[in-house]
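> sharing a model prediction with you, sequence too.
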Amino acid sequence: MSKVTRILWLSSSAILGASFLEPAVATAVEIPSAQYITPVAIETSIDPLTTESYQNDAIEQVTSVEQLSDVRPTDWAYQALQNLVERYRCIAGYPDGTFRGNRAMTRYEFAAGLNACLESITQLIGNVNVSGLATREDLETLRRLMEQFSVELATLRGRVDSLEARTAELEANQFSTTTKLSGEAIFTATDVIGKGSENTPVLQQRIRLFLNTSFTGEDLLVTRLQMGNSQRLLTTSNNKGLDFGAPTSEGFQTYQVFGNTENNVVLDWLSYSFPIGSKLRVTLEATGGVFDDFTPTLNPFFESYDGGNGSLSTFAQRNPIYRLGGGQGIGLSYKPSSRWEFTAGYLASEGAIPNQSDGFFNGDYSALGQITWTPSERFGMAVTYNRAYFGSNRFGFDNGGGNLATGNFAFAGTALANAVGGGESVTSNSVGLQMTWRVSPRFNLSGWVGYTRVYLRDTDAKGDIWNGALALAFPDLGKKGNLGGLLVGVEPYLTNLEGQNDLFEKDLPLHVEAFYKYQLTDNISVTPGLIWLTAPNQDADNQDILIGTIRTTFNF
């Protein structure tokens, strides 16, 4: 390569690089992993000077590549940097002796480096007596080359001007520099077979809008709006005459959760999470918070956080003890390593009510702790403990009756399990064991077992509630993005209640669910499926129930 060609290449590359830089860098900021929604990226304008303290790092000229501590002879650009330093003196470093070759630079930094480089080259070109450098004949050749390529240079300038205009238009009309808007709409045709002629096919819907905001790139403010007209399909099933007055929640579907707003838009979830250091993450729940917002549930393909991209039923998503409690509160997630995660949280369902019998500490509450062990990306286990209180006469205050259904437990389980004790106040202690195993890229095995010990404070009676499930997932079945699922389990059912065991049946109520999600496009999926319930409300004398559903989900 001739001297002129080298100078031409260096100068034109620097000038063209400067021309393509924009006033602000459009950066894809990865939203911290949150379980309520598929991770997305927010397009936002970020000034590196506000995110890293480079403003005090003055650029300094170096005379040898050896002065740059983070540049090694094995680096792929080492020879190029060495030539620029030693031949043209065109490389500047930072006061700490680093080059920081992998960091994006600002326009100011580029201008400072380019100016130093051009001044050095100008001095070298002006000295025609220096052997091995450009002569005046070289400059004439350079001038002729620029004339020959004038058309191409003009075309490049036109393209740059067009890009600047389009970028300015996008910046002027963008939704937000910090907020990503996403949504989900679910249309469902469903019917119940086997419960009587009063059932009829229905078409129900639910829409959710998410405003996901990140101020630093590591925090996340979630604002969720919701509207819908969905309602539960089943009513109370008789069980030997014992009836606590609550409908059964067996076969409850995900889109029905908080779904009947009569098509009025409501704010049903508001939370903010942020890191403290590199291992601890804090989640503040202002309204609508649940434990799975910040706690791993270890059922990756069935879990859609009550959305429309996983299982049909709420029960098939996760161990129901995660649903004991909700509202306002705080969650902590501590990850000392990639294998271990410790989660703790406290939620108060009446935390926003300033009555003496309610509030953050005097009303209904639930507390959860979990230890999660993931020795590899393919396997994980978790042990969970939940303690909750729902009802009256806590701390001497009378805040009305309560039961487990008060704390979102009503989205799964028999009527007896949800409403045990009727209007008495209830304290519960629950433990759960969860696991998941990615056997192969096309097959995943998950399962759990859960136990809840209830204590009726008014009568001193105690009871036992059990649940469990085994889930088989077949991702990419048929084509990429599809999902086949099969689950066999037992929804929460009451097995023992002191003083009343002779008043109700304790037959095993099986839940069998099969579905197939077909991904029509990147944003539209159709999921037909069946839910088969045996011994509804844990009474084998009740007729089996078959729920057929065709769910269409739109994500945008």
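Structure's in. What do you need? Residues are numbered from 1 along each chain as shown.

> and what about residue 551, helix, strand or coil?
strand (DSSP: H, G, I helix; E, B strand; the rest coil).

> next: residue 168.
Note that with three-state DSSP, the state of residue 168 is helix.

> now residue 294: how far from residue 283?
Per CB to CB, to the nearest Å, residue 294 is found 4 Å from residue 283. C-beta here means a position set from N, CA and C on the backbone, and glycine is covered the same way.

> where does the stretch 1-150 of the chain dip in pLDDT?
Along the stretch 1-150 of the chain, segments meeting pLDDT under 70 span 1-61, 107-108, 112, 125-135, 138.

> same question, the stretch 251-400 of the chain
For the stretch 251-400 of the chain, the stretches flagged by pLDDT under 70 are 392-400.

> what's the neighbour count on residue 77?
11 (other CB atoms under 10 Å).

> now the closest residue to it other than its chain neighbours: how far from residue 341?
Nearest non-adjacent residue to residue 77, counting by CB to CB, 6 or more residues apart in numbering: residue 101, 6.8 Å away. In this view, residue 101 and residue 341 are 35 Å apart by CB to CB.

> so how far is the helix or strand containing residue 282 from its chain's centroid?
Element membership for residue 282 (DSSP states H and E) is strand 280-289. Distance of strand 280-289 from the chain centroid (CA atoms, centre = their mean, to the nearest Å) equals 13 Å.

> and for stretch 492-509?
The answer for stretch 492-509 is 39 Å, by CA atoms, centre = their mean.

> next, the buried residues of that stretch.
If you call a residue buried by 16 or more other CB atoms under 10 Å, then stretch 492-509 has these buried ones: 492, 493, 494, 497, 500, 504, 505, 506, 507, 509.

> contacting residues for the last one?
Residues counted as contacts of residue 509 (CB atoms under 8 Å, 6 or more residues apart in numbering) are 250, 414, 490, 491, 493, 533, 534, 535, 536, 537, 538.

> and those residues as a markdown table, adding secondary structure, distance to residue 303 and pLDDT?
Shown next, in a markdown table, are these (DSSP: H, G, I helix; E, B strand; the rest coil; distance: CB to CB, whole Å; pLDDT from 0 to 100):
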| residue | secondary structure | distance to residue 303 | pLDDT |
| --- | --- | --- | --- |
| 250 | coil | 19 | 91 |
| 414 | coil | 22 | 90 |
| 490 | strand | 19 | 97 |
| 491 | strand | 17 | 96 |
| 493 | strand | 22 | 94 |
| 533 | strand | 21 | 94 |
| 534 | coil | 24 | 93 |
| 535 | coil | 26 | 91 |
| 536 | helix | 25 | 89 |
| 537 | helix | 26 | 89 |
| 538 | helix | 26 | 91 |
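
> quick one: strands adjacent to the helix or strand hosting residue 451?
Secondary structure assignment for residue 451, by DSSP H and E: strand 443-456. Here strand 443-456 has these sheet partners by DSSP bridges: strand 426-440 (antiparallel), strand 461-475 (antiparallel).

> does the closest residue to residue 64 other than its chain neighbours count as helix, strand or coil?
Ranked by CB to CB, 6+ apart and with sequence neighbours excluded, the top spatial neighbour of residue 64 is residue 85, at 6.2 Å. Counting by three-state DSSP, the backbone at residue 85 sits in helix.

> buried residues in stretch 430-444?
Residues of stretch 430-444 classed as buried: 430, 432, 433, 434, 435, 436, 438, 444 (neighbour count, 16+ other CB under 10 Å).

> okay, strands next: where are they in the stretch 301-450 of the chain?
Counting by DSSP state E, counting those that start in this stretch, the stretch 301-450 of the chain has strands at residues 327-334, 340-348, 365-376, 379-390, 426-440, 443-456.

> and for residue 294 and residue 283, which residues touch both?
273, 331, 332, 333, 345.

> now the fourth one, which residues is it bridged with?
On the basis of DSSP bridges, residue 333 is bridged to residue 281, residue 343.

> before we move on, the earlier item: with pLDDT and distance to residue 66 as added columns, please give the buried residues of stretch 430-444 in a markdown table.
Listed next are those as a markdown table, based on pLDDT from 0 to 100; distance: CB to CB, whole Å:
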| residue | pLDDT | distance to residue 66 |
| --- | --- | --- |
| 430 | 96 | 64 |
| 432 | 98 | 60 |
| 433 | 98 | 59 |
| 434 | 98 | 55 |
| 435 | 98 | 55 |
| 436 | 98 | 52 |
| 438 | 97 | 48 |
| 444 | 98 | 53 |
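
> ok, which pair from those residues is furthest apart?
Of all pairs drawn from the buried residues of stretch 430-444, the greatest distance, 27.0 Å, lies between 430 and 438 (CB to CB).

> mind listing the helices for the stretch 101-250 of the chain?
107-126, 136-148, 150-173 (DSSP state H, counting those that start in this stretch).

> return the most buried member of these.
Looking across those with neighbours counted as mean count of other CB atoms under 10 Å, the highest average goes to helix 107-126: a mean of 15.

> next, the angle from it to helix 136-148.
Here the directions of helix 107-126 and helix 136-148 differ by 130 degrees (axes from the mean of the first three to the mean of the last three CA atoms, to 10 degrees).

> and helix 107-126, what does it pack onto?
Judged by 3 or more CB pairs under 8 Å, 6 or more residues apart in numbering; DSSP states H and E, helix 107-126 is in contact with helix 3-19, helix 78-88, strand 92-93.

> ok now the shortest one, how far from the chain's centre?
Yep, that's strand 92-93 we're talking about. Mean-position distance between strand 92-93 and its chain equals 40 Å (CA atoms, centre = their mean).

> elements contacting that strand?
strand 60-61, helix 107-126.

> for stretch 508-516, which positions count as buried?
Quick answer for stretch 508-516 (16+ other CB under 10 Å): 509, 511, 513, 514, 515, 516.

> re earlier: of all the strands paired with strand 443-456, which one is nearest residue 234?
Comparison of those against residue 234 by CB to CB identifies strand 461-475 as nearest, at 17.5 Å.
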